[in-house]
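Peer 1: Here is a sequence with its predicted model. Questions after.
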Amino acid sequence: VQLQASGGGSVQAGGSLRLSCATSGFALDEYVIGWIRQAPGKEREGVACISISDGRKAYADSVKGRFGIFRDNGKNTVSLEMYSLKVEDTAVYYCARGRACTLRDMDFWGKGTLVTVSS
């Protein structure tokens, strides 16, 4: 099982980034994929989650209307598009798989990718 997050970088507030989570070694349709972030000195926060089998999505209130999660067509990749980025979005972003969209149900995590938003 592998999940590999990529696409992080530095951006100014108001800008946008697209993160990608490449998955392999398991049947993607049997899981949800979540994006979770951890800012320095803060607890992990679930940002967005998608149920691959039925396409249902969930977002944290802090990112609703600014972030979009989707599965790339025909690929075992789940992307997170982030718009109108804020300084407080600065964090390491992880993708993980799970049976449900809660942190405790995520059973396999990839390495994170750092997003830095400057003012």
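Peer 2: Yep, it's here.
Peer 1: ok, now which ones touch the residue positioned nearest the centre of the chain?
Peer 2: The C-alpha lying nearest the average C-alpha coordinate of the chain belongs to Trp35 (C-alpha atoms, centre = their mean; 2.4 Å). For Trp35, the contacting residues are Leu19, Cys21, Gly46, Val47, Ala48, Cys49, Ile69, Val78, Leu80, Tyr93, Tyr94, Cys95, by C-beta atoms under 8 Å, 6 or more residues apart in numbering. Quick note: C-beta positions are derived from backbone N, CA and C, even for glycine.
Peer 1: Can you show me the helices along this structure?
Peer 2: Across the chain, reading from the start of the chain, there are no helices by DSSP state H.
Peer 1: what ranges do the strands span in it?
Peer 2: In the chain, the segments counted as strands under DSSP state E are 2-6, 9-12, 17-24, 32-38, 45-51, 57-59, 67-71, 77-82, 91-98, 106-109, 113-118.
Peer 1: Dump those into JSON lines; add mean pLDDT as well.
Peer 2: Formatted as JSON lines, the strands of the chain follow (pLDDT from 0 to 100):
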{"stretch": "strand 2-6", "mean pLDDT": "97"}
{"stretch": "strand 9-12", "mean pLDDT": "98"}
{"stretch": "strand 17-24", "mean pLDDT": "97"}
{"stretch": "strand 32-38", "mean pLDDT": "98"}
{"stretch": "strand 45-51", "mean pLDDT": "97"}
{"stretch": "strand 57-59", "mean pLDDT": "97"}
{"stretch": "strand 67-71", "mean pLDDT": "97"}
{"stretch": "strand 77-82", "mean pLDDT": "98"}
{"stretch": "strand 91-98", "mean pLDDT": "98"}
{"stretch": "strand 106-109", "mean pLDDT": "96"}
{"stretch": "strand 113-118", "mean pLDDT": "98"}
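Peer 1: Could you report the separation of Met82 from Gly65?
Peer 2: Distance of Met82 to Gly65, given as C-beta to C-beta, to the nearest Å: 11 Å.
Peer 1: Tell me which of the two has more neighbours.
Peer 2: Comparing Met82 with Gly65 by neighbour count (other C-beta atoms under 10 Å), the higher total belongs to Met82, at 25 against 9.
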